[in-house]
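K.L.:
sequence and computational prediction follow.
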Amino acid sequence: MGEGREVLRASASASSAYSWVLSLLDEVGSGPPKHPSQRQCPAHEDETPSLSVARGDDGRALLHCHTGCSLDDILKPLAIGRRHLFTPSSLTPAQHARICHLQLDFPSIRHHRGTGKRGGRSSKMKLEAIHEYGDYRLLRYRHPVTGNKSLEWEHRGAEGVWLSSLGGARLEDLPLYMEDQVLMGVAAGEMIVVVESESSVDAFVSFGVYATTWAGGARAPQVHRLADVLAGAQVMVIPDHDEPGLACGRDVAAALRAVGANVTSRLPINPGEDARDLLRQCGPPPWPT
């Protein structure tokens with residue numbers, strides 16, 4: 001998997017101004033960590049991530065604070081100029097942060113901007129993760145005391161602003177999670193791991209393994225989208241070790257084999273476990289048969 005992993009890592013490296021700026025935001029603590037498009041703005045006390053980070057066609061970094069901070073206000077705490085948005089520094093983000101003595105103090109993320117108690121959710125719910133599906137994204141909240149979870153979908157409006165709900169789209173119409181990276185892995189002939197949750201995908205990607213899932217969970221696998229993207233690919237299906245997961249895994253594997261994919265399956269060791277448990281126990285694939 002060496003070549004494919006290097007392709008995946010390169011997409012997240014400082015090979016472009018966009019990826020360099022994202023890495024710098026990671027370095028100084030702007031959260032959610034490693035999120036590719038929505039971060040805490042360094043120009044104001046940003047408890048509800050309001051800084052949009054997008055990639056231009058030529059690899060430039062496009063920054064916009066939805067609370068109104070100017071571009072120069074955003075760049076100043078990072079000790080960078082506008083040129084860095086077009087050409088990455090010869091220094092690594094870590095070297096830049098160290099040399100410029102960057103010590104930014106971001107507040108804890110409390111909830112997404114504009115949510116308040118929308119949909120009956122208490123404003124004490126804290127944003128735990130953001131999972132993007134192209135022009136749609138799933139926001140995952142958790143209460144810091146009770147552990148209760150809440151999910152919310154948003155869609156990208158005409159001017160690039162995130163709006164509540166799917167905007168009339170259906171879950172089955174959404175792309176796969178991390179679909180762009182998965183297509184890159186398929187083209188490189190790499191194994192693609194198919195799991196049931198975005199958190200499991202994130203865990204595998206952190207090890208340089210291509211992985212994906214779909215919007216909707218085990219009871220509604222988007223086999224049509226999986227078949228379109230993974231036809232003829234090398235695929236490992238890892239269902240959750242429970243009754244819905246096993247049924248889902250069988251349906252996904254059958255659909256992929258029908259379009260020529262080379263499919264293997266791996267079940268988490270103990271009932272109730274998921275792909276993240278298997279990853280913790282066995283490390284990243286490939287695994288011995």
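P.N.:
Thanks, I have the structure now. Residues are numbered from 1 along each chain as shown.

K.L.:
what's the lengthiest helix in the chain packed up against?
P.N.:
Scanning the chain for the helix with the most residues, using DSSP state H, yields helix 243-258. In terms of contacts (3 or more C-beta pairs under 8 Å, 6 or more residues apart in numbering; DSSP states H and E), helix 243-258 is packed against helix 223-230, strand 234-237, strand 262-265. Using the backbone N, CA and C atoms, a C-beta is placed for each residue, glycine as well.

K.L.:
now do the buried residues in the first one.
P.N.:
Taking 16 or more other C-beta atoms under 10 Å as the basis for neighbour counts, the residues of helix 223-230 that come out buried are 223, 225-227, 229-230.

K.L.:
now swap in stretch 241-261 and tell me
P.N.:
Buried residues in stretch 241-261, counted by 16+ other C-beta under 10 Å: 241-242, 245, 248-249, 251-253, 255-256, 261.

K.L.:
contact partners of it?
P.N.:
Applying C-beta atoms under 8 Å, 6 or more residues apart in numbering, the external contacts of stretch 241-261 come out as 194, 196, 218-219, 221, 223-224, 226-227, 230-235, 237-240, 263, 265, 267-274.

K.L.:
per-residue confidence at residue 15?
P.N.:
With respect to pLDDT, residue 15 scores 67.

K.L.:
ok, back up a step: and of the helices and strands packed on helix 243-258, who's closest to residue 72?
P.N.:
helix 223-230 (41.1 Å; C-beta to C-beta).

K.L.:
just the angle for the closest one relative to helix 243-258, thanks.
P.N.:
50 degrees (axes from the mean of the first three to the mean of the last three C-alpha atoms, to 10 degrees).

K.L.:
and helix 223-230, C-alpha only, in PDB?
P.N.:
What follows is helix 223-230, C-alpha atoms only, in PDB (Å, rounded to 0.1, in the frame of the first residue of the first chain):
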ATOM      1  CA  VAL A 223     -25.200   0.300  -2.300                       C
ATOM      2  CA  HIS A 224     -25.800   2.200  -5.600                       C
ATOM      3  CA  ARG A 225     -23.300   4.900  -4.700                       C
ATOM      4  CA  LEU A 226     -20.800   2.400  -3.400                       C
ATOM      5  CA  ALA A 227     -21.100   0.300  -6.600                       C
ATOM      6  CA  ASP A 228     -20.600   3.400  -8.800                       C
ATOM      7  CA  VAL A 229     -17.400   4.500  -6.900                       C
ATOM      8  CA  LEU A 230     -15.900   1.100  -6.000                       C
END
